[in-house]
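A.B. asks: Need coordinates for the below:
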Amino acid sequence: MKKVAIYVRSSKDLHNVSCKAQEEQIRKVVKEKGEQVYRVFCDKALSSTRDIRPEFDEMLGLAMTKQSPFSKIYCLDTSRFGRDQHQTQSYLWALRKKHGIEIIFINMPQTNTYLDPVFETIMSAFDELHSQQSKVKGVAGMKQNVKSGYRAGGKAPYGYRLKEIEVGKHRTGNPITKTILEPDQDTAQIAKEYFERRAKYESRKSILEDFYSRGIPSPSGNSHWGIPSAKSIEDNIEVYLGHTVFNRHNERIKEKGKANGYLHGKKYKPKEEWVIKKNTHEPLITEDIASIILEMKKKRIRETPSTAKRVYALSGTIKCSECGTNYVGDRGIYRCNSGTKPGDKCPNNDISQKTAEDAIFTLLSQKILNFKNVKGVIDRLKQRFQNGKSDIQPLEKNLAKIEKRQQKYMDLYSMGLVEIEAVEPKLASIKEQKKAITEEIENQKAVQGTFEVSDDDIRSVIENFSEEVSHADPKTRKSAILALFEQIKIFPKEGEPWERILEIKGSCLPLTRVSVASPRGFEPLLPA
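C.D. replies: Coordinates of the predicted model:
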């Protein structure tokens with residue numbers, strides 16, 4: 001009897017579709033099919049786009065093992081499986097194509113034709129649209145709460161507690177409540193003391209060690225205070241001034257169901273995007289104290305560990321034009337590494353990390369990734385994959401030959417001309433070949449679809465490139481440099497005011513030069 005898994009999920013925005021109701025509906029179908037339920041995987045009241053889904057992740061892990069305990073997964077519809085369209089399609093492809101797991105959505109029309117995956121894709125797109133609409137409505141409601149002087153949600157910052165205020169009643173008679181902040185009698189004075197001492201330029205470490213020696217618990221309840229706790233308090237300075245703040249955090253990025261950093265690599269959005277309602281609760285600090293601390297943060301007066309490492313994006317590609325030695329990153333500059341070797345030191349000048357990296361990324365965004373160049377690459381790729389004949393047609397012919405050979409062996413066996421023991425190894429080999437070719441055909445078709453982009457799409461991506469690069473984390477910038485540039489030579493300073501040349505050889509791009517001048521800035525030049 002075939003063993004199957006059932007996946008059910010109840011969400012915060014569809015309370016009428018309970019896990020129990022989904023399970024009962026699916027079990028009826030399983031019973032009619034004469035199949036056996038291996039296990040019901042259930043995630044209760046979890047969003048498919050934000051929350052971690054432990055049961056879903058466990059089900060995927062089991063399905064992708066070599067000896068999966070089930071060969072089929074039943075789910076109510078595509079929205080229960082996930083509302084991120086691309087992630088859902090990725091899961092479905094991996095389960096079906098790579099691991100042979102059948103996925104059935106019982107509320108989806110089943111035609112057993114090529115239309116089924118089309119329906120799934122369409123429904124996944126609508127699921128994601130619904131998710132985004134729900135998010136927009138939720139954010140709009142929270143913004144309105146803030147504009148009315150109430151909290152948008154979340155726990156109270158250290159030094160405060162939530163105070164509920166009744167603003168009306170439901171039709172059922174139950175009260176409708178919203179929250180504001182009020183000072184917490186146990187922690188408000190500690191928060192005040194922290195800010196007052198910081199405004200006198202006392203180090204965070206000194207203050208936190210004093211709190212520990214006095215037995216004052218940290219915001220998380222631990223005896224030890226961590227520097228991140230102190231930074232978090234300072235980052236909330238608007239709240240401690242008596243204002244309610246919303247839309248401050250960037251969206252979290254998920255990888256394999258788990259949070260992994262923030263959008264654009266930054267925790268906070270630009271301040272102009274924040275929603276601030278002033279004077280909504282009692283402040284714990286004065287404007288003077290806030291001004292001093294904000295100025296300290298602006299000047300980066302903080303306890304930066306002496307062991308903190310910079311990431312130098314040009315390391316490994318930038319070389320000295322005079323002696324051929326690599327330039328290395330060192331305390332915010334790139335310098336010729338010949339100084340560490342015996343003999344005469346190279347006279348070539350150091351260059352600021354910011355100056356060198358800004359010049360390279362300016363060239364990249366303005367001169368290399370322009371509309372004409374990018375469109376040319378995409379047009380060539382489109383031409384290669386036109387009608388899918390260049391790569392797919394030979395694969396399909398090969399697949400037809402293999403299937404013909406497979407049928408030949410089956411005919412010989414059915415006529416009793418060969419024994420099954422002689423045929424089985426050949427059929428097994430043919431099966432593996434068919435699987436590999438079929439997967440490659442699917443990959444080629446997927447690649448074809450990648451290049452269906454409009455001119456407006458290309459322009460949009462290019463326009464956003466500079467912003468994306470400026471927000472990228474240093475490791476991402478370094479990866480981009482290593483992928484695009486084979487070598488960057490740096491020439492000595494010349495003239496007064498000085499200027500110097502950076503000669504660039506791209507991995508797939510022609511030789512070009514960038515003039516880094518003072519005070520003009522950056523000036524891309526034609527190839528020498």
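A.B. asks: Can you show me the strands along the stretch 201-350 of the chain?
C.D. replies: Defined through DSSP state E, counting those that start in this stretch, the strands belonging to the stretch 201-350 of the chain, from first to last, are 244-246, 252-255, 258-262, 275-277, 318-320, 327-330, 333-336.
A.B. asks: Could you list the low-confidence segments of the stretch 1-150 of the chain?
C.D. replies: In the predicted model of the stretch 1-150 of the chain, residues 11-17, 45-52, 83-86, 109-142 satisfy pLDDT under 70.
A.B. asks: at 50 instead, please
C.D. replies: In the prediction, the stretch 1-150 of the chain carries residues with pLDDT under 50 at positions 13-16, 48-49.
A.B. asks: which stretches of it form strands?
C.D. replies: For the stretch 1-150 of the chain, the strands defined by DSSP E, counting those that start in this stretch occupy 3-9, 36-43, 72-75, 102-105.
A.B. asks: and the angle from the longest one to strand 3-9?
C.D. replies: On the basis of axes from the mean of the first three to the mean of the last three CA atoms, to 10 degrees, strand 36-43 is oriented at 20 degrees to strand 3-9.
A.B. asks: How about residues contacting strand 36-43?
C.D. replies: Residues from elsewhere that reach strand 36-43 (CB atoms under 8 Å, 6 or more residues apart in numbering): 1-10, 19, 23, 27, 30, 53-56, 58-59, 69-70. For every residue, glycine as well, the C-beta is placed using N, CA and C.
A.B. asks: Run a quick neighbour tally on the residue lying closest to Val328 once chain neighbours are set aside.
C.D. replies: Excluding the flanking residues, the one nearest Val328 by CB to CB, 6 or more residues apart in numbering is Asn337, at 4.7 Å. Asn337 is surrounded by 16 other residues when neighbours are defined as other CB atoms under 10 Å.
A.B. asks: Quick check, Glu238 in contact with Val245.
C.D. replies: Yes. Using CB atoms under 8 Å, Glu238 is in contact with Val245, at 4.9 Å.
A.B. asks: Settle it for me: which of these two has more neighbours?
C.D. replies: More neighbours surround Val245 than the other of Glu238 and Val245, with 21 against 17 (other CB under 10 Å).
A.B. asks: Tell me what that one is bridged to.
C.D. replies: Here Val245 sits in beta bridges with Ile276, going by DSSP bridges.
A.B. asks: residues in contact with it?
C.D. replies: The contact partners of Val245, by CB under 8 Å, 6+ apart, come to 146, 236, 238-239, 274-276.
A.B. asks: Highest neighbour count among those residues?
C.D. replies: Highest neighbour count within the contacts of Val245: Val239, with 24 neighbours (other CB under 10 Å).
A.B. asks: which residues of the stretch 1-150 of the chain fall in helices?
C.D. replies: Secondary structure of the stretch 1-150 of the chain by DSSP state H, counting those that start in this stretch: the helices cover 19-33, 54-63, 78-81, 85-93, 115-147.
A.B. asks: elements contacting the third one?
C.D. replies: Using 3 or more CB pairs under 8 Å, 6 or more residues apart in numbering; DSSP states H and E as the contact test, the elements touching helix 78-81 are strand 3-9, helix 85-93, strand 102-105, helix 115-147.
A.B. asks: Point to the helix or strand of the protein where mean pLDDT is at its lowest.
C.D. replies: Among the secondary structure pieces of the chain, namely its helices and strands, strand 521-525 has the lowest mean (mean pLDDT, DSSP states H and E), a mean of 53.
A.B. asks: Let me know the secondary structure of Lys163.
C.D. replies: Assigned with DSSP: H, G, I helix; E, B strand; the rest coil, Lys163 falls in the strand class.
A.B. asks: any idea how far it lies from Thr179?
C.D. replies: Lys163 sits at a distance of 6 Å from Thr179 (criterion: CB to CB, to the nearest Å).
A.B. asks: same deal with Glu419?
C.D. replies: In this view, Glu419 and Thr179 are 78 Å apart by CB to CB.
A.B. asks: Check Gln87 too.
C.D. replies: Going from Gln87 to Thr179 by CB to CB gives 34 Å.
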